[in-house]
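# sequence first, then the predicted structure:
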Amino acid sequence: DVQLQASGGGLVQAGGSLRLSCAASGFILDDYTIGWFRQAPGKEREGVSCIHGGNGGPHYADSVKGRFTISRDSAKNTAYLQMNSLKPEDTAVYYCNAGGTLRINGPYWGQGTLVTVSS
């Protein structure tokens, strides 16, 4: 049974940092492209970052380049999204996803984790 468990959201002041985690079970995370998407209130869901399976590199939305870093730990079968220099406009529910690309989600979703950035 494929499952993704996202965690790490919270409330942080502008300029602060958070690290989101996405723990995978039922499949080998390295075999899939893992993506992070977010959806802010009243807005469409958007792709934030993804990291390709195998030795593939990361990709980022322009809005987070230079501030967010995606990574994965094969031994823990977990992906991460390190978010630095957070802005109020980063406030959203963040979801991890497997099997897609930066702009197109794959079939597997984790539950959302809420990130709130106060000004």
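Perfect, thanks for sending it.
# tell me which element the spatially most central residue of the chain is part of?
Compute the mean C-alpha point of the chain, and by Cα atoms, centre = their mean the closest residue is residue 36, 2.8 Å away. Assigning secondary structure by DSSP states H and E places residue 36 in strand 34-39.
# pLDDT of that strand, averaged?
The pLDDT scores in strand 34-39 average 97.
# who are the packing partners of it?
With contacts defined as 3 or more Cβ pairs under 8 Å, 6 or more residues apart in numbering; DSSP states H and E, the secondary structure elements packing on strand 34-39 are strand 18-25, strand 46-51, strand 68-73, strand 92-98. Quick note: C-beta positions are derived from backbone N, CA and C, even for glycine.
# so the residue nearest to the centre of the chain touches residue 49, yeah?
Yes. Counting by Cβ atoms under 8 Å, residue 36 sits close enough to residue 49 to count as a contact (5.0 Å).
# shared neighbours of these two, anything?
When Cβ atoms under 8 Å, 6 or more residues apart in numbering defines a contact, the residues bordering residue 36 and residue 49 alike are 70, 81.
# got the angle between the strand holding residue 36 and strand 18-25?
Note on geometry: by axes from the mean of the first three to the mean of the last three Cα atoms, to 10 degrees, strand 34-39 and strand 18-25 are set 120 degrees apart in direction.
# that older thread, the residue nearest to the centre of the chain bridge partners, please.
Residues in a beta bridge with residue 36, per DSSP bridges, are residue 49, residue 96.
# mind checking how far it is from residue 119?
Here the distance between residue 36 and residue 119 works out to 23 Å (Cβ to Cβ, to the nearest Å).
# give me the number of residues near the closest residue to residue 47 other than its chain neighbours?
Spatial nearest neighbour of residue 47, excluding adjacent residues (Cβ to Cβ, 6 or more residues apart in numbering): residue 102 at 4.3 Å. When counting by other Cβ atoms under 10 Å, one arrives at 20 neighbours for residue 102.
# repeat for residue 4
Other residues within reach of residue 4 by the criterion other Cβ under 10 Å amount to 23.
# so it is in which element?
Element membership for residue 4 (DSSP H and E) is strand 3-7.
# show me what that strand is in contact with.
Contacts made with strand 3-7 from outside it, assessed by Cβ under 8 Å, 6+ apart, are listed as 20-26, 94-98, 108-113.
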